[in-house]
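Engineer: Below is the structure, and that's it, no one-letter string:
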């Protein structure tokens, strides 16, 4: 009887402490070994000590971008698979993350099964096949995410956000009164 191969070790890099703890616990229930890191320096230190095969990386962490961390993680460990997770999905950041060496890119909230599939998409199924099963964001969802990002950048100031979006303030207020699109 051949021994079953050990499941990959996973580094969870996210500045949201609660999210990273919940994700680590969920991964551990599935048999993985997971460790959290809440900023880039902690991520690099944990990576050097833990030697994970996989890493999840948040795009926006406090005052830093996860995009700048991708080359550093790969320099320290070239074979690591990185999946970028973000609540601020855009085509531009997805392309940039892949160019920098990320293995995949997921929009939050992603299920645990979607996350694990994002790591495994080259083992047994092509990227085209996994893309067919991925949930594509609608134009309304992309617009909502963009508005929320700009609103956040303007500290919740609706007038400043409307100016930044080149949109009438009342139009923006109507859009904000609606629920986030599904």
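Structural biologist: Yep, it's here. These numbers were taken from a predicted model, which means no experiment stands behind them.

Engineer: which of the residues in stretch 29-36 are buried?
Structural biologist: For stretch 29-36, the neighbour count (16 or more other C-beta atoms under 10 Å) marks 32, 34, 35, 36 as buried. All C-beta atoms are positioned from the backbone trio N, CA, C, and that covers glycine.

Engineer: cool, and stretch 79-92?
Structural biologist: For stretch 79-92, the neighbour count (16+ other C-beta under 10 Å) marks 80, 81, 82, 83, 84, 85, 86, 89, 90 as buried.

Engineer: likewise stretch 62-74?
Structural biologist: Quick answer for stretch 62-74 (16+ other C-beta under 10 Å): 66, 67, 69, 70, 73, 74.

Engineer: nearest to residue 152, of those?
Structural biologist: Taking C-beta to C-beta as the measure, residue 152 sits nearest to residue 66 out of those, at 16.3 Å.

Engineer: thinking that closest one is in contact with residue 56, fair?
Structural biologist: No - taking contacts as C-beta atoms under 8 Å, residue 66 lies outside contact range of residue 56: 9.6 Å.

Engineer: quick one: which of the buried residues of stretch 79-92 is nearest to residue 97?
Structural biologist: Checking those against residue 97 with C-beta to C-beta, the nearest one is residue 84 at 4.4 Å.

Engineer: Quick check, central residue of the chain?
Structural biologist: residue 85 (0.7 Å; C-alpha atoms, centre = their mean).

Engineer: ok so, going back, is it possible to get CSV of the buried residues of stretch 62-74 that adds pLDDT, distance to residue 113 and secondary structure?
Structural biologist: Shown next, in CSV, are those (pLDDT from 0 to 100; distance: C-beta to C-beta, whole Å; DSSP: H, G, I helix; E, B strand; the rest coil):
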residue, pLDDT, distance to residue 113, secondary structure
66, 88, 22, helix
67, 89, 26, helix
69, 92, 25, helix
70, 92, 24, helix
73, 93, 24, helix
74, 94, 26, helix
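
Engineer: just curious, which of those is nearest to residue 144?
Structural biologist: Lowest distance from residue 144 to the buried residues of stretch 62-74 (C-beta to C-beta) belongs to residue 66, with 21.4 Å.

Engineer: How about the contacts made by that closest one?
Structural biologist: Going by C-beta atoms under 8 Å, 6 or more residues apart in numbering, residue 66 touches 13, 57, 58, 59, 60, 84, 86, 97.

Engineer: Please repeat the previous calculation with a cut-off of 10 Å.
Structural biologist: With contact set as C-beta atoms under 10 Å, 6 or more residues apart in numbering, residue 66 has these partners: 13-15, 40, 43, 56-60, 73, 82, 84-86, 93, 97, 100, 102.

Engineer: before we move on, back to that, and for residue 66 and residue 56, which residues touch both?
Structural biologist: Shared contacts of residue 66 and residue 56 (C-beta under 10 Å, 6+ apart): 13, 14, 82, 84, 85.

Engineer: Just the buried residues of the longest helix along the chain, please?
Structural biologist: Identified as the longest helix of the chain according to DSSP state H is helix 139-153. By 16+ other C-beta under 10 Å, the buried positions in helix 139-153 come out as 141, 142, 144, 145, 147, 149, 150, 151.
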